[in-house]
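Peer 1: Generate coordinates for the sequence data below:
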Amino acid sequence: MSVLLIAGSPSERSRTAAFLDAAGQRLETRGALVNRLRVRDLSPQALLLADFGHPSISQAIGRVARADVIVVATPVYKAAYSGVLKVFLDLLPQDGFKGKTVLPLATGGSPNHMLALDYSLRPVLQSLGAKNILPGIYATDAQVTPTEDGSFHLAPDISARLDEAVHLLITETLQTGLAHAGRFAPVHFSQVRCSV
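Peer 2: Coordinates of the predicted model:
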């Protein structure tokens, strides 16, 4: 399983990046092949001018296309996801997430903007054709705190939610993979019909 972590923070070191890295570490522990894409590292001019021919943009779009799973993380500003992430998502093809499972993550200063995941980011992920968008996780500044050594610490409740999300992501992706490998997908009991 190939996972692409997309960091939508304009900052080099941030709570958002630390939150995303924690998800990546958990996925690697579970055997996933994890790659990282920091939107801030792409050419700013190419991003803003929608220069699809620029190597950094074409390579980033190719990395999205090759991934089975996308984990996208963003800080929340003014009740919406970051502008840096928005510019990048706008460059993806209309079906850029087609057939992919997506886990959205966000950080913000207070719980007041947690619905930005559902009302601002989720519709864009859906419009890009994501097959399955898992429930997002929103962490406040108090839940992702800096430590003395310059790293960040996840609060136990956020850490537990991230563990659950990674487990669900692995389970959902493996089930889909088995169905595509010629095995039957699980059938809910209400769909079972029998005749006597």
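Peer 1: ok, now which ones touch Leu42?
Peer 2: For Leu42, the contact set (C-beta atoms under 8 Å, 6 or more residues apart in numbering) comprises 56-57, 60, 88. Every C-beta, even on glycine, is put in place using the N, C-alpha and C of the backbone.
Peer 1: switch the cut-off to 7 Å
Peer 2: Taking C-beta atoms under 7 Å, 6 or more residues apart in numbering as the contact definition, Leu42 lies against 56-57, 60.
Peer 1: residue boundaries of the strands in this structure?
Peer 2: Assigned by DSSP state E, the chain shows strands spanning 2-7, 33-38, 69-77, 80-81, 101-108, 132-133, 137-140, 144-146, 152-154.
Peer 1: Return the list of strands paired to the last one, each annotated with direction.
Peer 2: This means strand 152-154. Using DSSP bridges, strand 152-154 pairs in its sheet with strand 144-146 (antiparallel).
Peer 1: Counting neighbours, which bits of the partner strand end up buried?
Peer 2: Val144 (16 or more other C-beta atoms under 10 Å).
Peer 1: before we move on, back to that, export the contacts of Leu42 as JSON lines, with columns for distance to Glu172 and neighbour count.
Peer 2: Converted to JSON lines, the contacts of Leu42 look like this (distance: C-beta to C-beta, whole Å; neighbours: other C-beta atoms under 10 Å):
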{"residue": "Ser56", "distance to Glu172": "31", "neighbour count": "14"}
{"residue": "Ile57", "distance to Glu172": "30", "neighbour count": "19"}
{"residue": "Ala60", "distance to Glu172": "25", "neighbour count": "24"}
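Peer 1: residue contacts, Phe52?
Peer 2: Neighbours of Phe52 in contact, by C-beta under 7 Å, 6+ apart: 58, 91.
Peer 1: which regions of the protein lie under the pLDDT threshold?
Peer 2: Within the chain, the segments meeting pLDDT under 70 span 174-196.
Peer 1: Going along the chain, name the helices of this structure.
Peer 2: Assigned by DSSP state H, the helices in the chain fall at 15-29, 44-48, 55-66, 83-91, 116, 122-127, 156-180.
Peer 1: Nearest to Glu148, out of the ones you listed?
Peer 2: helix 15-29 (14.5 Å; C-beta to C-beta).
Peer 1: relative orientation of that closest one and strand 69-77 in degrees?
Peer 2: 160 degrees (axes from the mean of the first three to the mean of the last three C-alpha atoms, to 10 degrees).
Peer 1: Mind giving me the packing neighbours of helix 15-29?
Peer 2: On a contact count with 3 or more C-beta pairs under 7 Å, 6 or more residues apart in numbering; DSSP states H and E, helix 15-29 meets strand 2-7, strand 33-38, strand 69-77, strand 101-108, strand 144-146, strand 152-154, helix 156-180.
Peer 1: burial measure for Pro44, as a count.
Peer 2: Residue neighbour count, defined by other C-beta atoms under 10 Å, stands at 14 for Pro44.
Peer 1: could you dump the strands of the chain to TSV with distance to Thr171?
Peer 2: Below are those laid out as TSV (distance: least, C-beta to C-beta, whole Å):
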stretch	distance to Thr171
strand 2-7	14
strand 33-38	17
strand 69-77	12
strand 80-81	26
strand 101-108	10
strand 132-133	11
strand 137-140	16
strand 144-146	25
strand 152-154	22
